[in-house]
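1. Give me the fold of what follows.
(one chain, ligands or ions: 3)
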Amino acid sequence: MTTAQKIKDIEDEMAKTQKNKATEYHLGQLKAKLAKLRRELINPPGGGGGGPGIGFDVARTGVASVGFVGFPSVGKSTLMSKLTGTHSEAASYEFTTLTTVPGTMMYNGARLQILDLPGIIQGAKDGKGRGKQVIAVARTCNLIYIVLDVLKPLNDLAILQNELEGFGIRLNKKPPNIIVKKKETGGIAITNTVPLTKIDAQEIKAVLSEYRMTSCSVTIHEPDCTIEDFIDVVEGNRMYVPCIYVLNKIDAISIEELDLLYKIPNSVPISSATWLNIDELMEETWDRLELVRVYTKPKGRAPDFTMPVVLRRGRSNVGNFCDAIHKEIKKQFKYAMVYGKSAKHAAGQKVGLDHILEDEDIITLFKR
Ligand SMILES: Nc1nc2c(ncn2[C@@H]2O[C@H](COP(=O)(O)OP(=O)(O)OP(=O)(O)O)[C@@H](O)[C@H]2O)c(=O)[nH]1
Ligand SMILES: [K+]
Ligand SMILES: [Mg+2]
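-> Ligands and ions are numbered 1, 2, ... in the order given. From the prediction side, this is the model:
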């Protein structure tokens, strides 16, 4: 039996099983089994299906990457070509794009890599078409655009989300605040600092037994966490990626229809053909990438506002700033003066390598 068939069997059994006190343990086991099988699909035990396939992965440039995921002919290549100036073939027939086509664009002083990807179809995560390679590239991006054609059913969005979820990608979600620690002995201890509304001890134990984890402590700080969140933590290979739903081809619909589209959270309606609303798309892109621009101010001179050093949130301390300029700089570092949002005083703050910089800060380095 193939992995995909085993998955189908478990999904069928879950659909048949009513959720109640008596079946909780069984359902927990089934969900854990499902997660393990899905991992096999991403990373087959024999190797081979793991990372992006040959020709699919491309050299990474720029400070952040945006990957385009969507069904065929929704306008991904049209958008990518116009944004970057790099030609990616666009045509009215499906599967025009057959591999990753990279381009770059500058925005707010940051170089962004834009990855145009082949169209995927339902079942991609289970091995249909080149979907697995496409999703494997998307997994490594800092932002995903799910591109949709507004002339097609909006339910396509749910299908695509499901494809990415099945490949261990979590869209617009933070990692659940749950800590699982393996121990030598002592059995299973579950503590929670928030009320558990959607998960219970039986389910947790079923999952742990499925993973052969007989002794461990589980601490749950995540409000309303589900058994799926818990499995994500136990599995540990999830990618939490921000996502914008790009609703393309609005040139072909009425204003009334457009008003309805605006109600969909995390979405930006655009037309890549007639270049409508691209400004909003880029502003949203900038916000979601959480980039930090830092301007350098040579001692005794005015800051250079033309060329920021761009860092990513979470990797934006003074040490990261030094590394972004030159790997030797940290060795000579004595202290830095920082001006802007991260500084305690308007007149600036003297800081060390651990100080975390904020967007549009100004910095002067002092060497030993
Ligand atoms: N009306 C309209 N048509 C568009 C728009 N953007 C793209 N198209 C048309 O949609 C068709 C497909 O465009 P592509 O850019 O090739 O789409 P794709 O998503 O890259 O397609 P694949 O590579 O085959 O997956 C072409 O005929 C485009 O001219 C748009 O904003 N409005
Ligand atoms: K096409
Ligand atoms: Mg294309």
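
2. Near ligand 1, which residues of the stretch 101-250 of the chain? Just list them.
-> When proximity is defined by CB under 6 Å from any ligand atom, the stretch 101-250 of the chain lies next to ligand 1 at 118, 119, 248, 249. In short, each C-beta sits where N, CA and C put it, glycine included.

3. Quick check: which element contains residue 336?
-> For residue 336, the element it lies in under DSSP states H and E is strand 333-339.

4. pLDDT (mean, whole number) over that strand?
-> Mean pLDDT, computed over strand 333-339, is 97.

5. tell me what it is packed against?
-> Contact analysis of strand 333-339 by 3 or more CB pairs under 8 Å, 6 or more residues apart in numbering; DSSP states H and E lists helix 318-325, strand 349-351, strand 361-367 as its packing neighbours.

6. if we can go back for a sec, contacts with ligand 3 among the residues of the stretch 101-250 of the chain next to ligand 1, please.
-> Residues shared between those and the neighbourhood of ligand 3: none [CB under 5 Å from the ion].

7. would you list those residues in a markdown table and tack on neighbour count and distance to residue 182?
-> As requested, these are exported to a markdown table (neighbours: other CB atoms under 10 Å; distance: CB to CB, whole Å):
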| residue | neighbour count | distance to residue 182 |
| --- | --- | --- |
| 118 | 26 | 40 |
| 119 | 24 | 42 |
| 248 | 26 | 46 |
| 249 | 22 | 50 |
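
8. ok, those vs ligand 2, which is closest?
-> When those are ranked by distance to ligand 2 (CB to the ion), residue 119 comes first, at 7.0 Å.

9. Enumerate the residues of the stretch 251-368 of the chain near ligand 1.
-> Listed as neighbours of ligand 1 in the stretch 251-368 of the chain under the rule CB under 6 Å from any ligand atom: 251, 252, 271, 272, 273.

10. Quickly list what residue 312 is bridged to.
-> With beta bridges defined as DSSP bridges, residue 312 has these partners: residue 291, residue 315.

11. From what I see, residue 115 and residue 137 are in contact.
-> Yes - under the criterion of CB atoms under 8 Å, residue 115 is in contact with residue 137, at a separation of 6.4 Å.

12. Give the residues shared as contacts by the two.
-> Shared between the contact lists of residue 115 and residue 137 (criterion: CB atoms under 8 Å, 6 or more residues apart in numbering) are residues 67, 100.

13. Could you pull up the residues touching the closest residue to residue 278 other than its chain neighbours?
-> In this structure, residue 278 finds its nearest non-sequential neighbour in residue 270, 6.0 Å apart by CB to CB, 6 or more residues apart in numbering. Residues counted as contacts of residue 270 (CB under 8 Å, 6+ apart) are 79, 246, 247, 248, 250, 276, 277, 278, 280, 281.
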